[in-house]
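Student: next come a sequence and a model predicted from it.
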Amino acid sequence: MKFFGIGLAVLLVAAMIVGCGGDEDTVDGYKTKTVSDITLMWKTNNAEDSLLVKVSATTVGWVAVGFDPTVGMQDANIIIGYVVNDTAYVRDDVGTGLHSHAPDTTLGGTNDVADIAGTEDAGITEISFTIPLDSGDLQDQVLVVGESYVVILAWGTDDDFDALHTVRVTTEIDI
């Protein structure tokens, strides 16, 4: 019985880490997944080989998504952003360690985020942007339509790229 209780506890912790997100839905052509009150919406633009993304959470701080980490934040293509006075500020980062990230541009990469927009309304921050499926940037992960990827979703309470997250979850999506 003792081992059953330990096994159950391990499964519960694993479920919290992975994020137990709802199934993907489709809204306006976007696949949608909500995990721990963070909503990720994405769709491909095959004509431009790009991914259109929206990330929102109940915060007046920043929101972020990290695509395809190897462990923790390591190697993820992280897009983090916030909104101040109706202006969206978004940065293209790479996971540099288990719990760290830095702008691609400081590590020899390029800023590959386009079509940046954002809103902050009624305590909800949403950023939207486009990234190439294959930017050619060694700091970015190549994303392939039809494949599944682990993603990190997070938000913080401050309008600061380097502020710590309040919520961070990991889930999986199909591109």
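Tutor: Alright, I've got the coordinates. Since this is a predicted model, take the numbers as computed values, not measurements.

Student: please, where are all the strands along the protein?
Tutor: Ranges of strands in the chain, per DSSP state E, are 25-27, 30-35, 38-45, 50-57, 63-67, 77-84, 87-97, 100-103, 114-121, 124-132, 148-155, 167-174.

Student: out of those strands, which comes closest to residue 140?
Tutor: Residue 140 lies closest to strand 77-84 among the strands of the chain, at 4.5 Å (Cβ to Cβ). The C-beta positions use only the backbone N, C-alpha and C, and glycine is treated the same way.

Student: look up how far residue 27 lies from the most centrally placed residue in the chain.
Tutor: When the chain is reduced to its mean C-alpha position, the nearest residue by Cα atoms, centre = their mean turns out to be residue 65, at 1.1 Å. In this view, residue 65 and residue 27 are 17 Å apart by Cβ to Cβ, to the nearest Å.

Student: hang on, the earlier thing: residues in a beta bridge with the residue lying closest to the residue nearest to the centre of the chain once chain neighbours are set aside, which ones?
Tutor: Leaving aside its chain neighbours, residue 65 sits nearest to residue 55 (5.0 Å; criterion: Cβ to Cβ, 6 or more residues apart in numbering). Beta-bridge partners of residue 55, counted by DSSP bridges, are residue 40, residue 127.

Student: for the nearest residue to residue 45 once chain neighbours are set aside, what are its contacts?
Tutor: What sits nearest to residue 45 in space, not counting adjacent residues and going by Cβ to Cβ, 6+ apart, is residue 52, at 6.0 Å. Under the criterion of Cβ atoms under 8 Å, 6 or more residues apart in numbering, the neighbours of residue 52 are 30, 42-45, 115, 128-130.

Student: same thing but at 7 Å, please
Tutor: Residues near residue 52 by Cβ atoms under 7 Å, 6 or more residues apart in numbering: 42-43, 45, 130.

Student: same thing with residue 117?
Tutor: Residue 117 sits in contact with 88, 128, where contact means Cβ under 7 Å, 6+ apart.

Student: could you check the pLDDT of it?
Tutor: As predicted, residue 117 sits at a pLDDT of 98.

Student: in the protein, what helix or strand scores lowest on average pLDDT?
Tutor: Least confident helix or strand, the chain: helix 2-18 with a mean of 40, by mean pLDDT, DSSP states H and E.
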